[in-house]
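>>> Provide a 3D model corresponding to the input given below.
(one chain, ligands or ions: 2)
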Amino acid sequence: MSNLQRLQARIAKEGFPTVLLSDPTNVGWATGFTGSFGYAVIGVDKAIFITDSRYAIQAREQVKGYDVHTFAAPMTGAKFLGQVMAENGVTEVGFESETVTVSTLQGWEAAVPNVKFRPLAGIVGPVRQIKTAEEQDKLRKACKIADATYEHMRKVIRAGVTEYDLLLELEFFIRRQHAPLAFDAIVVSGPNSARPHGKSTDRVLVDGDFLTMDFGADYQGYKSDITRTVVIGKATDRHKEIYNQVLKSQLASIEMMKPGVKGRDVDARCREILDEKGLAKYFGHSLGHGLGIAVHDGGALGPSSEIVLEEGQVWTVEPGVYIEGYGGVRIENDVVVTSTGVEIFDTSTKELLEF
Ligand code: GLY
Ligand code: MN
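Ligands and ions are numbered 1, 2, ... in the order given. Down below sits the predicted model:
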């Protein structure tokens with residue numbers, strides 16, 4: 001089933017009116033279009049795609065299963081939307097209330113007075129969260145590029161280089177695979193590694209540092225997001241104690257993941273293990289997030305997560321310990337929920353490596 005058909009099944013099941021997608025990521029998910037502006041108007045037996053003249057050729061190539069309509073200046077997007085909806089007998093649409101701004105809505109309402117715009121939350125999210133076999137395969141490939149990147153980095157990590165040099169090396173390697181970066185990579189060392197989302201600096205790596213690298217590649221629109229932490233020089237007992245406890249907590253959380261398990265319980269398990277060594281107080285973020293065409297693809301495995309695991313969901317599992325003035329450790333896998341547990345997409349070693 002295509003993503004369009006999956007969405008139409010949801011519209012039928014929920015009794016939604018015709019829906020109007022305008023969020024570029026959701027539009028891309030539903031239509032395959034990769035440009036920056038497009039509207040998808042979708043009903044149980046209706047699929048219309050609208051974009052402007054900049055993307056007319058691209059839309060005809062990329063958007064399958066939709067009636068494609070394009071417009072050019074002096075026509076405006078809002079007026080054209082109204083015209084196409086009128087031609088197709090649409091009198092009410094549900095729009096994406098999470099992302100449509102007040103001024104966009106006011107523009108639509110002014111240009112299209114005969115259509116009722118109804119705010120709807122979660123039109124696409126619950127379907128998008130479950131990845132098809134084809135989507136899983138793209139995520140697997142995005143993870144393969146990330147694995148190759150880590151293997152490459154192991155050849156260049158050493159005391160004496162800067163965080164920024166390593167960041168460039170990492171970014172160049174990913175780009176050399178003809179893959180965009182999934183997000184701005186994080187390469188942080190020593191005390192800077194205590195910042196979960198720190199920026200790379202000109203700091204020179206020295207023996208005794210933790211070095212954390214958090215990065216991913218984009219394969220045909222699908223993202224990987226992995227993290228590995230290593231030690232520069234010989235690992236001390238303190239390095240080993242922190243690292244091994246983070247790894248133990250991660251493995252315990254992954255071990256319990258399967259359909260029916262609550263996201264908050266997966267998160268709690270990891271904190272319970274970290275607390276065996278008094279380390280849970282150094283772990284301030286959620287254990288994981290959904291992954292797909294966005295790096296944060298909806299939903300979280302966190303202390304207040306209401307989510308229940310389902311087959312086909314893809315999650316990051318990324319516990320961390322961040323000690324200000326000393327450093328931090330994070331280990332992150334990307335996993336898909338299967339009928340009996342999870343498959344881990346990225347296969348790079350999680351042993352504590354020394355350089
Ligand atoms: N890798 C960045 C993040 O998970 O937010
Ligand atoms: Mn992540």
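>>> Look at the most centrally placed residue in the chain and give its secondary structure.
What sits nearest the mean C-alpha location of the chain, by Cα atoms, centre = their mean, is Val295, with 1.9 Å. Look at Val295: counting by DSSP: H, G, I helix; E, B strand; the rest coil, its state is coil.
>>> What distance do you get for it to Ile331?
Using Cβ to Cβ, to the nearest Å, we find Val295 at a distance of 17 Å from Ile331. All C-beta spots, glycine's among them, are computed from the backbone N, C-alpha and C.
>>> go on, Glu318?
Taking Cβ to Cβ, one finds Glu318 at 7 Å from Ile331.
>>> ok so, going back, how about the residue nearest to the centre of the chain, what does it touch?
Val295 sits next to Ala182, Phe183, Gly216, Lys223, Asp225, His289 when contact means Cβ atoms under 8 Å, 6 or more residues apart in numbering.
>>> Kindly provide the distance from the first one to Phe215.
The reference is to Ala182. From Ala182 over to Phe215 (counting by Cβ to Cβ), the distance is 8 Å.
>>> Compare these two (neighbour count), which wins?
Taking neighbours as other Cβ atoms under 10 Å, Ala182 and Phe215 compare with Phe215 leading, 27 against 23.
>>> follow-up on the earlier one: what do Ala182 and Phe215 both touch?
Counting by Cβ under 8 Å, 6+ apart, the residues touching both Ala182 and Phe215 are Asp225.
>>> nearest residue to Ala146 other than its sequence neighbours?
Ser224 (4.2 Å; Cβ to Cβ, 6 or more residues apart in numbering).
>>> wait, doesn't the one you found sit right on Asp334?
Yes. Using Cβ atoms under 8 Å, Ser224 is in contact with Asp334, at 5.9 Å.
>>> Looking only at neighbour counts, state which of these two leads.
Ser224 (30 against 26).
>>> list the contacts for that one?
Counting by Cβ under 8 Å, 6+ apart, Ser224 makes contact with Leu139, Ala142, Cys143, Ile145, Ala146, Ala182, Gly216, Ala217, Leu291, Asp334, Phe345, Asp346.
>>> Which of those residues are buried, as a ChimeraX select command?
Buried residues within those, by 16 or more other Cβ atoms under 10 Å, are selected in ChimeraX with:
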select :139,142,143,145,146,182,216,217,291,334,345,346
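>>> Thr229: neighbouring residues, count only.
Thr229: 28 surrounding residues under other Cβ under 10 Å.
>>> Pull up the residues of this protein that are close to ligand 2.
Asp225, Thr316 (Cβ under 5 Å from the ion).
>>> which is the next helix or strand following whichever helix in the chain runs longest?
If you go by DSSP state H, the chain has its longest helix at helix 133-156. Remark: after helix 133-156, the chain's next helix or strand is helix 163-176, criterion DSSP states H and E.
>>> Quick one: check that next one for contact with ligand 1.
No. Using Cβ under 6 Å from any ligand atom, helix 163-176 never reaches ligand 1; the gap is at least 12.9 Å.
>>> Tell me the helices and strands packed up against that helix.
helix 133-156, strand 186-189, strand 210-215 (3 or more Cβ pairs under 8 Å, 6 or more residues apart in numbering; DSSP states H and E).
>>> how about the ones you listed in TSV, adding mean pLDDT and distance to His197?
Output for the helices and strands packed on helix 163-176, formatted as TSV (pLDDT from 0 to 100; distance: least, Cβ to Cβ, whole Å):
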stretch	mean pLDDT	distance to His197
helix 133-156	98	18
strand 186-189	98	6
strand 210-215	98	8
